[in-house]
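**Q** Need the 3D shape of this:
(one chain, ligands or ions: 1)
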Amino acid sequence: MNMTVNEAESYLDTFLLEVHDEKRVEIVIIPPYTAIPKVSELLNQVQNVKVGAQNMSAEKGGAFTGEISGAMLRELFVRHVVLGHSERRSLYGETDAIVNKKLHTALEASLKPIVCVGETLAQRDANQVEEVLESQLKGSLAGVTAKELHEVVIAYEPVWAIGTGRTASPAQAQEAHAFIRKTIAAISDQATADKIRIQYGGSVKPDNTEALMSQSDIDGALVGGASLDPRAFSEIVKHTCKLLD
Ligand code: PGA
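**A** Residues are numbered from 1 along each chain as shown. Have a look, this model is predicted:
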């Protein structure tokens, strides 16, 4: 619940100036629903920055007061939608079954889902990281074909690292990402697992971007707090691009 329409507009003024030459990474701005029309309009002529949504309904349409459908998002040129963010899971009771229903609805609407998974601190301390990730992935991705998985992005977001300033170490993140890739291969096939994009999220900042993004199974970042500052977010983009030199 960050950024009014006006704030999003002035954010983009700064951000787009900083990143307009950074064409080698895919950048997605994911504002609240109300700012999507304006952000989408401002990004209309911009090749390297797309717009996404933070959530969507599991239903296609109908009497679901207060909900937003995939078709409504597509009409605003939204391409990506975040599903099962840990705040949705912990504060709004979203289960893997709900995330799975949303995933199928999103794919039907030609949206690219960014499916979030990640363990709590208690689960990490109890050595349950792999068990939790496996059950979240199997539950959230149930019934998805290999072809559909090409449209899906996975975000590994350890709950204890989101908004806490506590980042997973590059080695911890790499280990979880490698496990996620292995699980995707088991759910689907190795070629799909090799190709799928797995982003890390949880206190990503300009000064830890390079160490995280240089891990072999980390393919991108899902940035929360730091992305609220257009300069910090553009620094993260630039650090990531530098690794491609
Ligand atoms: P953070 O948030 O970067 O502030 O930890 C990540 C997220 O909200 O997904």
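
**Q** which residue lies farthest from the center of the chain?
**A** Seen from the C-alpha centroid of the chain, the residue lying at the greatest distance (C-alpha atoms, centre = their mean) is Ala63, 28.1 Å away.

**Q** So which residues lie in contact with stretch 17-35, not counting its own?
**A** Stretch 17-35 has contacts (C-beta atoms under 8 Å, 6 or more residues apart in numbering) with 1-5, 7-8, 12, 15, 39, 43, 46-54, 68, 79-80, 82, 220, 230-231, 234, 237-238, 240-241, 244. Yep, even glycine has a C-beta here, placed from its N, CA and C like the rest.

**Q** For the ligand, what is the nearest residue in this protein?
**A** Gly224 (2.1 Å; C-beta to the nearest ligand atom).

**Q** Mind checking what secondary structure the nearest residue to that residue once chain neighbours are set aside has?
**A** Of all residues not flanking Gly224 in the chain, Gly163 sits nearest, at 6.1 Å (C-beta to C-beta, 6 or more residues apart in numbering). Under DSSP: H, G, I helix; E, B strand; the rest coil, Gly163 falls in the coil class.

**Q** was I right about Gly163 contacting Gly225?
**A** Yes: judged on C-beta atoms under 8 Å, Gly163 makes contact with Gly225 at a distance of 5.8 Å.

**Q** Could you name every residue contacting both of the two?
**A** Once C-beta under 8 Å, 6+ apart is applied, the residues that Gly163 and Gly225 both contact turn out to be Ser203.

**Q** Just give me the residue closest to the centre of this protein.
**A** Averaging the C-alpha coordinates of the chain gives a centre point, and the residue nearest to it by C-alpha atoms, centre = their mean is Ile114 (4.4 Å).

**Q** And it, its phi and psi?
**A** For Ile114, the backbone dihedrals are phi -110, psi 100 (criterion: degrees, to the nearest 10).
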